[in-house]
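A.B. asks: Sequence and computational prediction follow.
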Amino acid sequence: MPSTKNIEAVKELSEKLNRAKAIYFTDYIGLDVGSITELRNKFFHADVEYTVAKNTLLKIAAKENKIEGLDEFLKGPTAIAISYDEPTSPAKVIKSFMKEHDKPKVKGILFEGVVLDGSEFKRLANMPSKPELLSMLAALLQSPFVKLANTLSAPLTNIANVLNSLKEQKS
């Protein structure tokens, strides 16, 4: 008979799996307390929830949400980094943290409902964030209008330059 504590934990994990845009399954063994505290702090500032979870409870919560393919990642100690807003945020935090440390190792990723292998982590960490993509799109949309304005104003500028040259020659 499952304990009340485990039932509540599964319910909470199930709700988190349902709401999350991305979940990164990591192996944190090998990090000391100070390093884990530093990592949790970085996750906190990036609006990412980082918690240790029992594999059996994660499997049950995944089954409740009809998510398959996580079993291979749920072996050994597992900590999960959950992002509810920006799905690449955990990858960026882990990437910056790994510049100084060799852990945590990303075992797998649940990225907007798609299960990815941990090897995809570097590709996601290098992806631009949503605000960066929006600013790139705005620049791309603005570019043709700037070119059109420059093209339309070029003949007027050329005429003004010719008139100034004639004025200088006559004086």
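C.D. replies: Looks like it arrived, so ask away.

A.B. asks: what mean pLDDT would you report for the lengthiest helix in the chain?
C.D. replies: With DSSP state H setting the assignment, residue counts place helix 130-170 as the longest helix in the chain. In this model, helix 130-170 has an average pLDDT of 76.

A.B. asks: Make 27 the starting number, not 1.
C.D. replies: Sure thing, new numbering starts at 27, so read that last one as helix 156-196.

A.B. asks: Tell me the helices and strands packed up against it.
C.D. replies: Packed against helix 156-196, as judged by 3 or more Cβ pairs under 8 Å, 6 or more residues apart in numbering; DSSP states H and E, are no other helices or strands. Where C-beta positions appear, they are placed from N, C-alpha and C, glycine not excepted.

A.B. asks: gap between it and the chain center?
C.D. replies: Remark: helix 156-196 is offset 37 Å from the chain centroid, using Cα atoms, centre = their mean, to the nearest Å.

A.B. asks: can you check stretch 33-46 too?
C.D. replies: Mean-position distance between stretch 33-46 and its chain equals 21 Å (Cα atoms, centre = their mean).

A.B. asks: For that stretch, buried residues please.
C.D. replies: 35-36, 39-40, 42-43, 46 (16 or more other Cβ atoms under 10 Å).

A.B. asks: any chance of those in CSV, with pLDDT, distance to Asn176 and secondary structure too?
C.D. replies: Formatted as CSV, the buried residues of stretch 33-46 follow (pLDDT from 0 to 100; distance: Cβ to Cβ, whole Å; DSSP: H, G, I helix; E, B strand; the rest coil):
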residue, pLDDT, distance to Asn176, secondary structure
Ala35, 82, 62, helix
Val36, 80, 61, helix
Leu39, 82, 56, helix
Ser40, 83, 56, helix
Lys42, 81, 51, helix
Leu43, 79, 51, helix
Ala46, 82, 46, coil
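
A.B. asks: Doesn't Phe51 lie inside a strand?
C.D. replies: Yes. Read with DSSP: H, G, I helix; E, B strand; the rest coil, Phe51 is one of the residues of a strand.

A.B. asks: Show me the beta-bridge partners of it.
C.D. replies: Note on Phe51: beta-bridge partners by DSSP bridges are Ile106, Gly134.
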